[in-house]
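> What follows is a predicted protein model with its sequence.
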Number of protein chains: 2
Amino acid sequence: MFEHRMSEIDDLQAALALLAWDEQTMCPPRGRELRAYHSATLATTVHERIIDEGYGEAIAELSANGAGLDDAKRAMVRLVKHDRDRMVRLPAELVREIRRQASRTNESWERARAANDFAIYRPELERMVELKITEAEALADGGDLYDALLDAYEPGMTVAELDPLLAGLKAELVPFVDDILGRPRPDTSFLAGPYDRARQEHLTLKVLADFGFDFTAGRQDVSTHPFCGGPAISDVRMTTRYYDSLEPGALLSSMHECGHGLYQQGLPAAYVRTAVAHAPSLGLHESQSRFWENVIGRSRPFWSHYLPYAADLFPEHLAGVALDDFLRGVNAVEAGAIRVDADEVTYNLHILVRYELERDILARRVAVADLPEAWNARYEAYLGYTPRDDREGVMQDIHWSWGEIGYFATYTLGNLYAAAIAERMRADVDIDACCAAGEFGPVLDWLRERVHSAGNLLPGDELMRRVTGTELGHEPLMRYLRGKYNDLYEV
Amino acid sequence: MFEHRMSEIDDLQAALALLAWDEQTMCPPRGRELRAYHSATLATTVHERIIDEGYGEAIAELSANGAGLDDAKRAMVRLVKHDRDRMVRLPAELVREIRRQASRTNESWERARAANDFAIYRPELERMVELKITEAEALADGGDLYDALLDAYEPGMTVAELDPLLAGLKAELVPFVDDILGRPRPDTSFLAGPYDRARQEHLTLKVLADFGFDFTAGRQDVSTHPFCGGPAISDVRMTTRYYDSLEPGALLSSMHECGHGLYQQGLPAAYVRTAVAHAPSLGLHESQSRFWENVIGRSRPFWSHYLPYAADLFPEHLAGVALDDFLRGVNAVEAGAIRVDADEVTYNLHILVRYELERDILARRVAVADLPEAWNARYEAYLGYTPRDDREGVMQDIHWSWGEIGYFATYTLGNLYAAAIAERMRADVDIDACCAAGEFGPVLDWLRERVHSAGNLLPGDELMRRVTGTELGHEPLMRYLRGKYNDLYEV
C-alpha cells in the first residue's frame, strides 16, 4: 500500500508538473482558462490521495517500525509523513480558499501594476496574508509562524538559525556593497546588443551541452519567466527568454536553469517514483542553479574559454572587448530596484528586504497598508536606492500574490550553500582549469556523486554537513565575493 | 455529485490528452519510459472515479428521473451511463491485462516489422485477440461481439446496419476502381519535390487559417504520425509531418487534422467539462476531417484558388503545371498497399479488408496464424494488389497491437457521413464558390450550426438524420466519387 500509493502520488504530481510547464510554454492563450480547472482537479486528487486515512495508517505503522527499514525506505517514510502531517493539519476549506484567493490576488496584482496603484492590490493581499497567518497557526502548533511556512520549502530550517545567519551576512554585505558602489561604474555598453537571437540560442545550447545537460532527457523552450520543471528526472523541462542584450539575457538565465536541470537529471534513478528522487529543499535546488550561473558562468576562467567563441559569433559587439572589461561588465554591481536583474553581490540584500518583511507581516509588526513604505525604507538602508514607484517597489514580485510567503529566504540559502559547496569542491577539483578548458566533467561528476545522487535520502542540513564538512555560515559566500570583487573592482 | 464528478473526470481526461500529445511531440526520448507510468496512473484514477458506486447511484437516480431533466442534462446522464455501464462490466484485472498486453504486442510489432517476420508478432497478437474476445464477451451479454467493441467508438452502430451498408459500397466500388485503374496513370512527378519545408509550413498554416482554425485556441506541431487531440475545445493540438513531396505530404494531412480541429473548436462552449462537449462518435469526427481534406482540399475550385499561390511559393516544381494536370495528380488513384497513403477512391477498400478481417477474427473464423494469407487474398480480390511482404500486408497498422479491434469501420463511416453532409450542404451553401474564393466562412458556419454546436446532445445516428434529412447509405459517397472521377478520368 505505502509504496504503491507513494508512486501513484508521484505520478500525478508529474502530470501536474507537465501541465504547469505546458501552460507557460505551449498552451494557446484561450486554453488557459480551462487549464486552471484541469490543474485544480489534479491537485485536489493528489491532496485526497495524500490525506487518505488508509495511507496515514500505513505510514504510521512503518514509521513506528523505523528500525526494521533500510535507509531508503526509512527516508521515504520520513518524507511522506512530513508532507502528510502538514496537509492533514490544514482544513480542506482553507486549502481551497487559499487557492481561490491566489487567483484573485494575482489578478489584482496585474491590474495594480498596470495602473501603478497599490490601493488596488492592497485588499486582496490583506486577505491572502490573513489566510496564510491562519495556515501558519494551524501548522505551527504554538511555534513560530515563519518556521511553519518555511518548513514547506526548506524542511528543518528555522528562524532561530536563519536570523543570526542572515544578520551576519548583512553586517558584512552592506558595507561591502557600499565600497563597491564607490568605485567607477564599469562599462556595460557592449552587452546591450542587439544580439542576434538565433546565435544567442546557438551559444546557449552549446554551453548547456558543455555543462553536461542530457538533451535526450530534457529540453529547453521559451517562456516569459524562465524556470526549470518537468515531470521526471528523465524528462526535465527548462525555459529561457531572449532579449536584445547578452546580459541580462538568455545565456546566464539558461545557465541558472541548467543548474536546476543537471540536479534533476542527477537524482537517484534507482528511486524514481518515490519521495527520495527529489531534492531535499528549495535552497539546495537553488544552490545548484547559483553554482552554475555564478561560480562557473560569471568566472574569469569560464570567459577565458567562451569569450573568443562568443566574439566569433557576435563580432559586431564583442570583437576587441578585452577579457578584463568583459568580466567587469558581466559582473557589474548596481544598486537597482529589481531583484531578478540583480548582480550576485547585491542580490542577497534584495532577499534580506523580503525576508525581514515576511517576518514582520506574519508577526503583525507591519500591516499590509504600510508595506510600500517599509519596503522603500529598507531599500534605502541596505542598497542606497529609493524605488521610483510601487511597481518597482513592493509590487515587484508575484510570489506573495500566490501565497508564497515564508519563502524568499531560500534564495539566499541557495547562495550560501553554493559558496560552501564550491569552496569544498576546490579541494578535489580544479574548477578553474575545467572552466578554462570548457570541460566540466569533473565538476559535474563531483556534484553528481556528493549532492545529486543523494536525492532526498538525508535531510538537507545533514546532507550539506556531509558535503561541506562544516556548519552553515555566511563566511564562504563572503570569502567568495571578496576574492572575486577585490580582483575585479580593486576594493 | 453527478455534475461535479463528471467534470472532475473530464478534467482528468483532459490531462491525459495533454500527456498523450506531449509524448508524441515534445517528450525527450528518455522521458517516454516514466511517461507510461504517469499516464497509466492517471488512467487508473479516471477508471476508479468512473466505476465508483456513489457515482453509479447518482447516475441511476437521474436516469430513472429522466423526464424531469432538461435536454442537455438528459444527454449527459445517457452518455455517462453508457460509458460507465461498459466499464463496470469489465473486471479490473482484464483492463489492466489488456493495457499490459498492448505494450507487449506493440513492442513485438516493432520488432517483427524490423525483421519482416510475422512469427515474432503472432503470439503476442494472439494473446491480444483472446483478451479482446474476453472483453467483447463480457460486454456483449450474448449479443454480437463486434457490436460490443464497436460500441466504444461508434455508439449505437451495429453490424446489422454495417454489413449491408458496406456490402452495397463494395459492390459498386470494386468495379469502379477497376474501371479507373484501366485508364492511363496520371503524371504525379511534379508532386515529388523536394519541396522546401519552411515554405510548405507557410502554405499549410495559411490554408488552416483560411479554413478558420483559431490559433489562439490551438496549435500545430510535428509528430511522426499526424493526429488531432489536446485537452480542451479552447486548446486543440494538431500535428503534421513534412516530407520532400507535396503529396503525400504535410498540406493534405494538415487539412485532414484541421477538420478534426475545427470540429473540436466548434463543440458547444456552454457545456465544457461535461460529456456533451464531445463528438458523438469517431465516425462523425472522421467525417469532418475527410470533408476538409477531400471534399474541399482535393477539389477543383479549391486548387483553382490555391494552385497559383502554391506555384508562386514553389515555382521550381509547379510553374507551368496546368490545373487539370495538378488535379489529376493530387487525386491519382492507385492500387497500393498502404492505407494511409491511399486516394479517396481505394481508401474504403483498404478499410473493408480490415473490417471483414476484424469480423472474422472475433468470430474465430480466421485464426491469427492465417491472417497474413487472408489479408493478402482480400487485397488481391478488392484492389488487384498483392502485398510484397507482411510489413506492407497484415503488419501495416499499429491499431490491433493496441487492442483497437472493432474499430476500422469508423473510417469508412466517416467517408459516408462526409459525403452525405456535403450533399446536403450544397442545398444551402455554394461550396465551390467558397473554395474558388478561398473564403470558407459560409462552409464552416454551416458545419458549426448543424454539426459542431450539437456536440453530443443527440446520438450520432439521430444527429446525422437531422443534418442530412435521410437515412445513412452508400449512395452519396458513390455519387460524389462518380461525379468527381468521371470528370477527372473520363470513366
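That came through fine.

> Quick check: closest non-adjacent residue to the residue in the stretch 51-200 of chain A that chain B sits nearest to.
Using Cβ to the nearest Cβ, A:D52 is the residue of the stretch 51-200 of chain A that sits closest to chain B, at 12.3 Å. Heads up, the C-betas are built off the backbone N, CA and C, glycines and all. Using Cβ to Cβ, 6 or more residues apart in numbering or on different chains and skipping the chain neighbours, the partner closest in space to A:D52 is A:R5 (7.6 Å).

> any idea which element the one you found lies in?
helix A:2-25 (DSSP states H and E).

> Which secondary structure elements does whatever helix or strand comes next after that helix sit against?
Proceeding C-terminally, helix A:2-25 gives way to helix A:32-51 as the next helix or strand, assigned by DSSP H and E. In this structure, helix A:32-51 makes packing contacts with helix A:2-25, helix A:71-89, helix A:92-115, helix B:2-25, strand B:228-232, judged by 3 or more Cβ pairs under 8 Å, 6 or more residues apart in numbering or on different chains; DSSP states H and E.

> quick one: the helix or strand just after helix A:32-51 to helix A:2-25, angle?
Under the assignment DSSP H and E, the closest C-terminal helix or strand after helix A:32-51 is helix A:53-64. Relative orientation of helix A:53-64 versus helix A:2-25 (axes from the mean of the first three to the mean of the last three Cα atoms, to 10 degrees): 120 degrees.

> tell me what helix A:53-64 is packed against?
In terms of contacts (3+ Cβ pairs under 8 Å, 6+ apart), helix A:53-64 is packed against helix A:2-25, helix A:71-89.

> Mind checking the ones you listed for the one nearest to B:Y306?
Of all the helices and strands packed on helix A:53-64, helix A:2-25 sits nearest to B:Y306, with 32.3 Å by Cβ to Cβ.

> For that closest one, buried residues please.
A:2, A:5-25 (16 or more other Cβ atoms under 10 Å in any protein chain shown).

> next one: stretch A:473-482
Of the residues in stretch A:473-482, those buried (16+ other Cβ under 10 Å) are A:G473, A:H474, A:E475, A:P476, A:L477, A:M478, A:Y480, A:L481.

> In helices, which of those fall?
Using DSSP state H, the subset of the buried residues of stretch A:473-482 located in helices is A:E475, A:P476, A:L477, A:M478, A:Y480, A:L481.

> Tell me which two in those are the farthest apart.
In these, two members sit farther apart than any others by Cβ to Cβ. They are A:E475 and A:L481, at 10.7 Å.

> got a list of contacts for the helix or strand bottoming out on mean pLDDT in chain A?
Within chain A, no helix or strand scores below helix A:92-115, which has a mean of 91 by mean pLDDT, DSSP states H and E. With contact meaning Cβ atoms under 8 Å, 6 or more residues apart in numbering or on different chains, helix A:92-115 is reached by A:36, A:40, A:43, A:47, A:118-121, A:123-125, A:127-128, A:131-132, A:134-135, A:138, A:390-391, A:395, A:398, A:400-403.

> picking that back up, now tabulate the helices and strands packed on helix A:32-51 in TSV and tack on distance to B:R365.
As requested, the helices and strands packed on helix A:32-51 are exported to TSV (distance: least, Cβ to Cβ, whole Å):
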stretch	distance to B:R365
helix A:2-25	42
helix A:71-89	53
helix A:92-115	56
helix B:2-25	34
strand B:228-232	35
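
> Tell me which stretches of chain A form strands.
A:218-222, A:228-232, A:235-240 (DSSP state E).

> in its sheet, what does the second one sit against?
When you say that, I think you mean strand A:228-232. In the sheet containing strand A:228-232, its partner strands are strand A:235-240 (antiparallel), by DSSP bridges.

> Rounded mean pLDDT for the partner strand, please.
Over the span of strand A:235-240, the pLDDT mean works out to 97.

> and the direction of that strand versus that of helix B:32-51, what angle?
Using the same axes, to 10 degrees, strand A:235-240 lies at 100 degrees relative to helix B:32-51.

> can you give me how far strand A:235-240 is from the chain middle?
For strand A:235-240, the distance between its averaged C-alpha position and the chain's averaged C-alpha position is 14 Å (Cα atoms, centre = their mean, to the nearest Å).

> Neighbours of the residue nearest to A:H317 when sequence neighbours are not counted, how many?
Closest residue to A:H317 in three dimensions, ignoring its sequence neighbours and counting by Cβ to Cβ, 6+ apart: A:F190, at 5.5 Å. For A:F190, the neighbour count with other Cβ atoms under 10 Å in any protein chain shown is 18.

> Name all residues that make contact with A:F190.
Under the criterion of Cβ under 8 Å, 6+ apart, the neighbours of A:F190 are A:H317, A:L318, A:V321, A:D325, A:F326, A:G329.
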